[in-house]
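A.B. asks: Sequence plus predicted model, see below.
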Amino acid sequence: MRVHFIAIGGSAMHNLAIAMLKNGYEVSGSDDEIFEPSKSRLKKYGLLPEEEGWHPKNITKDIDFIILGMHARPDNPELLKAKNLGLKIYSYPEFLFKHSENKKRVVIGGSHGKTTVTAMVMHVLSRLGKDFDYLVGSKLKDFEVMVRLSESAEIMIFEGDEYLSSPIDRRPKFHWYRPHIALLTGIAWDHINVFPTFDDYKSQFEKFINLIEDDGTLIFFEGDKNLKEIVEKVDKNIKKKGYDSLSYEIEVNDVFVIFEGEKYPVKIFGEHNFQNLNGARLVCNELGIDNETFFDAIKDFEGAAKRLELIAKSGNSLVYKDFAHAPSKVKATVKAVKNRYPDKKIVACLELHTFSSLNEKFLDQYAGTMDLADEACVYYNPHALEMKRLPMLDPDTVKKAFGNENLEVVNSTGDVKKWLLDKKGVNTVFLLMSSGNFGGINPDELAGELV
């Protein structure tokens, strides 16, 4: 079958394109901007468009169906031609649900931590030789692509994103998946462009819970009062299992989880990760994996890419990169690094890249999020504001919103690189946080310079 991807460069979109190519589909695609690592990976598989942009000539009657990405707009010329020709148009979550209709569906959602929990579950299943399909939001060690589709697997693991399915399908992606086993990590307001109030945002999670299959299971973090409030009022034929953080110990360079009186070595750190670990344990329990087997399989899990990922180390200085962008994620990530390295200088740099983070109305949600860093910088790229059709931000406005007098605010790529390099020193931990790419800076190369 022939399939064309409109906005093939997206994180999930390009991985789905590769997965479908591996499954024997004839795949083509288009996009007006493609960044790394999507660009190199599409090129490797012969899927990189010959020219950037939207070209209606790409859309022909012999295409069996279109998969439409969120980066496209409703007036996209390729989309308009596809509609004109009467072609079937799927969002990628709709297509994935269609693929998984006869499988046991496990969906991991929440405002933060969902990639990590999904990665933990996948790591354990893989270590135990289980056959499963999946969608995850980050590149994982030992997994070539972020999407796997097969006829053989009886289970599909989804990272359940609450953002919109496509420009013409305004429902959240995770509303498509109808899980048999669901996990929610917590609720912290995000995506102000489509959920203008917290109540509106919160209601999407209530709808998700009501879409769990009858006799299914909901696993939820009890420490989130907003989530707990929703769960308590849901009247549906499902099992509800709450969880909290696992206890842990740090002994010099080693970290151990404490569970039922036993100590288990792990390679992760940070309070949020020990919450995530407990949630993943309960998901695996529902899939028939006992606790002892779970902890043995998880001991070498190092995390997902860009989730507190150690990218450089020299002597007693280190560099981590993290996908943190929403306020709750930024605060938790800075705290995790500070707690892990209490005797080191913490230098934290955050890029504002998402629609919410670049919106002046949302900025005050970041108040206090960088306070635990010894040195802190916020960077934003004027081009990102132009692409999102947002008004320019004033650096003083950003600084005031964060409520940190010692915070540096820069809006030039050269300035953010200079700021970081000026902070080089012994016994320092650098934390680079972004869902973007710091204006094209290669973080791995920069990390080498920093240490």
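C.D. replies: It's in. Not measured: the values here are computed from a predicted model. Numbering: from 1, shown residues only.
A.B. asks: Which parts of the stretch 1-150 of the chain are strands?
C.D. replies: With strands called from DSSP state E, counting those that start in this stretch, the stretch 1-150 of the chain shows them at 2-6, 26-30, 65-68, 88-91, 104-109, 133-135, 147-148.
A.B. asks: Can you name the residues that contact the nearest residue to H112 once chain neighbours are set aside?
C.D. replies: Spatial nearest neighbour of H112, excluding adjacent residues (C-beta to C-beta, 6 or more residues apart in numbering): K329 at 4.8 Å. For every residue, glycine as well, the C-beta is placed using N, CA and C. K329 is in contact with H112, A188, D322, F323, counting by C-beta atoms under 8 Å, 6 or more residues apart in numbering.
A.B. asks: hmm, try it at 10 Å
C.D. replies: S111, H112, G113, A188, D190, H272, R307, D322, F323, T369, M433, S435 (C-beta atoms under 10 Å, 6 or more residues apart in numbering).
A.B. asks: Now the helix or strand encompassing it - C-alpha only, PDB.
C.D. replies: Using DSSP states H and E, K329 maps to helix 327-340. This file holds the C-alpha atoms of helix 327-340, laid out as PDB (Å, rounded to 0.1, in the frame of the first residue of the first chain):
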ATOM      1  CA  PRO A 327       7.100  24.500  34.600                       C
ATOM      2  CA  SER A 328       6.600  21.300  36.600                       C
ATOM      3  CA  LYS A 329       9.200  19.500  34.600                       C
ATOM      4  CA  VAL A 330      11.800  22.300  34.900                       C
ATOM      5  CA  LYS A 331      11.400  22.500  38.600                       C
ATOM      6  CA  ALA A 332      11.600  18.800  39.200                       C
ATOM      7  CA  THR A 333      14.600  18.400  36.900                       C
ATOM      8  CA  VAL A 334      16.600  21.200  38.600                       C
ATOM      9  CA  LYS A 335      15.700  19.700  42.000                       C
ATOM     10  CA  ALA A 336      16.700  16.200  41.000                       C
ATOM     11  CA  VAL A 337      20.200  17.400  39.900                       C
ATOM     12  CA  LYS A 338      20.600  19.500  43.000                       C
ATOM     13  CA  ASN A 339      19.700  16.600  45.300                       C
ATOM     14  CA  ARG A 340      22.000  14.200  43.400                       C
END
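A.B. asks: chain center to it: distance?
C.D. replies: 16 Å (C-alpha atoms, centre = their mean, to the nearest Å).
A.B. asks: again with stretch 339-349
C.D. replies: 24 Å.
A.B. asks: What pairs with the lengthiest strand in the chain, parallel or antiparallel?
C.D. replies: In the chain, ranked by residue count with DSSP state E as the criterion, the top strand is strand 345-352. Strand 345-352 pairs in its sheet with strand 375-380 (parallel), strand 428-433 (parallel), by DSSP bridges.
A.B. asks: Kindly reformat the ones you listed as a markdown table containing mean pLDDT.
C.D. replies: Listed next are the strands paired with strand 345-352 as a markdown table, based on pLDDT from 0 to 100:
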| stretch | mean pLDDT |
| --- | --- |
| strand 375-380 | 98 |
| strand 428-433 | 97 |
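A.B. asks: Export these as TSV, with columns for distance to D396.
C.D. replies: Output for the strands paired with strand 345-352, formatted as TSV (distance: least, C-beta to C-beta, whole Å):
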stretch	distance to D396
strand 375-380	12
strand 428-433	21
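A.B. asks: For N411, which of these is the nearest?
C.D. replies: strand 375-380 (5.4 Å; C-beta to C-beta).
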